[in-house]
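Enquirer: Provided below for reference: sequence and predicted model.
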Amino acid sequence: MARTWIDLCASDDVPARGGRFVEAASRRLAVFRLATGDFRVLDDVCPHAGGSLSAGYVADDCVICPWHGWPFDVHSGRCPDNSEVGVTTYPSRVVAGRVECRLDG
């Protein structure tokens with residue numbers, strides 16, 4: 001089965017150390033730009049109380065939920081404070097100034 005890259009947004013539309021909400025394939029996703037300039041894609045909904053992670057910010061390789069401050073590692077999706085809680089992360093890349101991700105792993 002071929003893996004498909006899905007176009008999400010222009011890389012310039014994602015603020016430094018911030019997020020942008022996108023919907024792709026009926027999924028709510030959050031695209032983040034790290035301080036290094038790399039991009040990460042995660043599910044947008046915080047499992048704690050349903051906050052939109054894309055409205056949060058990136059600090060020390062963690063996305064911080066804007067509702068209650070829960071952190072999620074941008075690489076693994078796990079909450080450093082509670083390893084049983086996390087969000088799904090997706091492989092991402094930038095091609096010709098566009099952020100893409102694979103939802104199929």
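Expert: Cool, the structure landed.

Enquirer: residues contacting the closest residue to Val63 other than its chain neighbours?
Expert: Sequence neighbours aside, Phe72 is the residue nearest to Val63 in space, at 4.9 Å (criterion: C-beta to C-beta, 6 or more residues apart in numbering). In this view, the C-beta of every residue, glycine as well, is placed from N, C-alpha and C. Phe72 makes contacts with Leu42, Cys46, Leu53, Cys62, Val63, Cys65, Arg78, Cys79, Gly86, Val87, as judged by C-beta atoms under 8 Å, 6 or more residues apart in numbering.

Enquirer: for this protein, give me the ranges with low pLDDT.
Expert: Applying pLDDT under 70 to the chain flags residues 1-2, 105.

Enquirer: can you give me the strands for it?
Expert: Remark: strands assigned in the chain by DSSP state E are 5-10, 19-24, 27-33, 39-43, 57-59, 62-64, 71-73, 78-79, 82-86, 89-90, 92-95, 98-102.

Enquirer: tell me the bridge partners for Val31.
Expert: Arg20, Val41 (DSSP bridges).

Enquirer: my read: it touches Glu23, true?
Expert: No. Using C-beta atoms under 8 Å, Val31 is not in contact with Glu23, being 11.3 Å away.

Enquirer: what about the closest residue to Val95 other than its chain neighbours, how many neighbours?
Expert: Leaving aside its sequence neighbours, Val95 sits nearest to Trp5 (C-beta to C-beta, 6+ apart; 7.6 Å). Per other C-beta atoms under 10 Å, the neighbour tally for Trp5 reads 15.
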